[in-house]
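**Student:** The following comprises the amino acid sequence and a computationally predicted model.
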Amino acid sequence: MPKSKNKKELLQNPKGTRDVLPFDAVVWQAVEEKAREIAEYYGFRPIRMPHIEHTELFTTSVGEATDIVEKQMYTFRTRGKDSLTLRPEGTAPIMRAYIQHGMRTWPQPVMLYYSGSFFRHERPQKGRYREFGQFGLEILGAEGAVADALIIRLFMLVFEELGFKKMMVHVNTLGDKACREDYRKDLVAHFRKKQNYLCTECRRRLKTNPLRILDCVEEKCQEIATDAPQCIEYACDACKEHFREVLEFLDKASIPYFLDHKLVRGLDYYSRTVFEIFTETAEEKKEEVPVEVSESADSESADIEGGESKEADAPPPKKEEKPAHKEEGRPLALASGGRYDSLAYDLGIQEPQSEEEEAWKGAVGGAIGLDRVVEGLLSQKGKGIKKENPKVFLIQLGPQAKQQSLLLLEQFRKNRLSVASSLSKDNIKNQLGFAAKLGVSYSIILGQKETIDNTVIVRDMETGMQEIVPQSKLLDYLKKKKKK
Ligand SMILES: [Zn+2]
Ligand SMILES: [Zn+2]
């Protein structure tokens, strides 16, 4: 039996969760709406997936040795003894759905978007919750770099149109499974030499998931990671070329990016491109030298499992820009994602056997962290979010008027006229005060007499002038007023 809660606890939401109250929820919806509008315009279609999945889906795709699987999943046994998990991320469920519903035979690529809650048992902090919202974009059945660039571009568009400034994309390549092995070996060798200086966690990671050492938050590990071999140096020609193309697309779209060789993302299914998007600049992460890759494919990409990379041996250092929204010395990305070409195979699907099957090869995606984006907007007082204020306030006085007001409201709704009203018992003075606060242009007053006469009084809130108007003519009357 769960331990019983005292009354005080009963009235508190669980740690790491939160209520999004109406004012903030409006901003939340506006963010989702903006992302949805852009996604739809570019041909993405909605998908809704369950919040629970078989635990194995995540252990085999995200990876046993990842933070998510090791310590962050909400996993439980059902009465039928199945092990289910509250989804900690959206990519594995997307791939599961793609395979399960035969989407590999659809015209490729299949472009999907989703929005909803995900769950990870992490230490809560600003911008990070145990139940968190994500808006995701996924392109399945696309190997080309243009798909990677499109995902990044659309996230940038969403942020720009929401009013975010100084955006910066951190990008890296992890190579693929074929070319990552050598990198992994050299990386382990590098860290092994200095393993006594690594934190306990990283000493363990050395055996399980060495790439993760690159983005350890411990300073001593960061130091040792600085001169670690870089993923990009180990990438095969095909991986390098792919990365070069991604960067070329970003250049063409004038998207500012930063080659972040320590960016690995920490999930096993990533290969090639990984990215994170930040806003604003902050103090530099010491000892990370940002570099910009020139358009020539002189940079080598590395491979990593789990996805993370180090500095590219590329051209000249560029001014370092570091994201602001920090926590634990590390900034929180507004959006992140990457390519997951081998995820389908990890889930047991055979590699394509014919040219026809080739079509579904390759997948890339990412997600916006809605909590952080909403918090970012709220900290700027919702800048960038346009709220439509109602133009008219409907005041009703007395029980009959209340009934009739519901019919009137329904007419307004069908004519898409936005009307505010109060179903309270308030007197006319209070209701008018409320209307004034909302800043409406007109109040429509429906009292006992008007109810019997089938009229209303329309009050111009600016001048205070009042006019009696038959209910049947009210819509026309307001439309004419609106035009003036
Ligand atoms: Zn460490
Ligand atoms: Zn490769």
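**Tutor:** Perfect, thanks for sending it. Residues are numbered from 1 along each chain as shown. Ligands and ions are numbered 1, 2, ... in the order given.

**Student:** neighbours around Ser83, how many?
**Tutor:** 12 (other CB atoms under 10 Å). To be clear about C-beta, it is placed using only N, CA and C from the backbone, and glycine gets the same treatment.

**Student:** quick one: the closest residue to ligand 1 within the stretch 351-484 of the chain and Met461, what's the gap?
**Tutor:** Ranking the residues of the stretch 351-484 of the chain by distance to ligand 1 (CB to the ion) places Gly369 first, at 23.8 Å. The gap separating Gly369 from Met461 is 41 Å, by CB to CB, to the nearest Å.

**Student:** repeat for Met103
**Tutor:** In terms of CB to CB, Met103 sits 54 Å off from Met461.

**Student:** for Glu64, same thing?
**Tutor:** 64 Å.

**Student:** Could you confirm Gln350 falls within a helix?
**Tutor:** No: applying DSSP: H, G, I helix; E, B strand; the rest coil, one finds Gln350 to be coil, outside a helix.

**Student:** which residues sit in contact with the nearest residue to Leu250 once chain neighbours are set aside?
**Tutor:** Nearest-residue entry for Leu250: Tyr257, 5.2 Å, with adjacent residues in sequence omitted and distances by CB to CB, 6 or more residues apart in numbering. By CB atoms under 8 Å, 6 or more residues apart in numbering, the contact list for Tyr257 reads Met168, Val169, His170, Val171, Leu247, Leu250, Glu292.

**Student:** Just the CA trace of stretch 37-50, in CSV.
**Tutor:** The C-alpha trace of stretch 37-50 is given here as CSV (Å, rounded to 0.1, in the frame of the first residue of the first chain):
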residue,chain,number,x,y,z
GLU,A,37,0.7,26.1,-38.2
ILE,A,38,4.2,26.0,-39.5
ALA,A,39,4.4,22.2,-39.4
GLU,A,40,1.2,21.8,-41.4
TYR,A,41,2.2,24.3,-43.9
TYR,A,42,5.4,22.3,-44.6
GLY,A,43,3.4,19.1,-45.1
PHE,A,44,3.7,17.5,-41.6
ARG,A,45,0.6,15.6,-40.5
PRO,A,46,-0.5,15.1,-36.9
ILE,A,47,-0.1,11.8,-35.0
ARG,A,48,-1.2,11.0,-31.5
MET,A,49,0.5,8.2,-29.6
PRO,A,50,-0.2,6.5,-26.2
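
**Student:** which SSE is Tyr121 in?
**Tutor:** If you look again at residue 121, you'll see it is His, not Tyr. Using DSSP states H and E, His121 maps to neither a helix nor a strand.

**Student:** That one is in contact with Val69, isn't it?
**Tutor:** No: the pair His121 / Val69 is not scored as a contact, 11.6 Å apart, by CB atoms under 8 Å.

**Student:** neighbour-wise, which of these two wins?
**Tutor:** Val69 (21 against 16).

**Student:** Name all residues that make contact with that one.
**Tutor:** Counted by CB under 8 Å, 6+ apart, Val69 has contacts Phe58, Thr59, Val62, Gly63.

**Student:** In this structure the third one contacts Ala92, no?
**Tutor:** Spelled out, it's Val62. Yes: Val62 is in contact with Ala92 according to CB under 8 Å; the separation is 6.2 Å.

**Student:** overlap in contacts of those two?
**Tutor:** Tyr269.

**Student:** which parts of the stretch 51-200 of the chain sit against ligand 2?
**Tutor:** Contact residues, the stretch 51-200 of the chain versus ligand 2 (CB under 5 Å from the ion): Gly175, Asp176, Cys179.

**Student:** ok so, going back, can I get the contacts of Val69 in a markdown table including secondary structure?
**Tutor:** Shown next, in a markdown table, are the contacts of Val69 (three-state DSSP):
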| residue | secondary structure |
| --- | --- |
| Phe58 | helix |
| Thr59 | helix |
| Val62 | coil |
| Gly63 | coil |
